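Colleague: give the three-dimensional model of this entry:
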Amino acid sequence: MTLFYLLLIAAIVLIVVGATVEGMLYLTSAGVLLLIADVLYLAGRSMWRTTHRPAH
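Modeller: Purely as a prediction, here's the structure:
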């Protein structure tokens, strides 16, 4: 979960810096892509957990 939060903070920082500094639109793009990858990572991790639980 720490990796998720670290990537989330990095994505938000990249988006904010890219939006405020002129000529840094590529940082906004990188931030959005990182945010999408982070959400996909979280979704994949939660799906993997639900399918691989041991039977009680």
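Colleague: check the offset of the helix or strand where L33 lies from the chain's centre.
Modeller: L33 is located in helix 25-51, with elements delineated by DSSP states H and E. What separates the centre of helix 25-51 from the centre of its chain is 4 Å, taken as Cα atoms, centre = their mean, to the nearest Å.
Colleague: what about that helix, average pLDDT?
Modeller: With pLDDT averaged residue by residue, helix 25-51 scores 87.
Colleague: which secondary structure elements does it sit against?
Modeller: Packing contacts for helix 25-51, counted by 3 or more Cβ pairs under 8 Å, 6 or more residues apart in numbering; DSSP states H and E, involve helix 2-20. C-betas here are computed from N, CA, C, even on glycine.
Colleague: any chance you could list what contacts the helix it packs on?
Modeller: For helix 2-20, the external contacting residues (Cβ atoms under 8 Å, 6 or more residues apart in numbering) are 24-32, 34-35, 37-38, 41-42.
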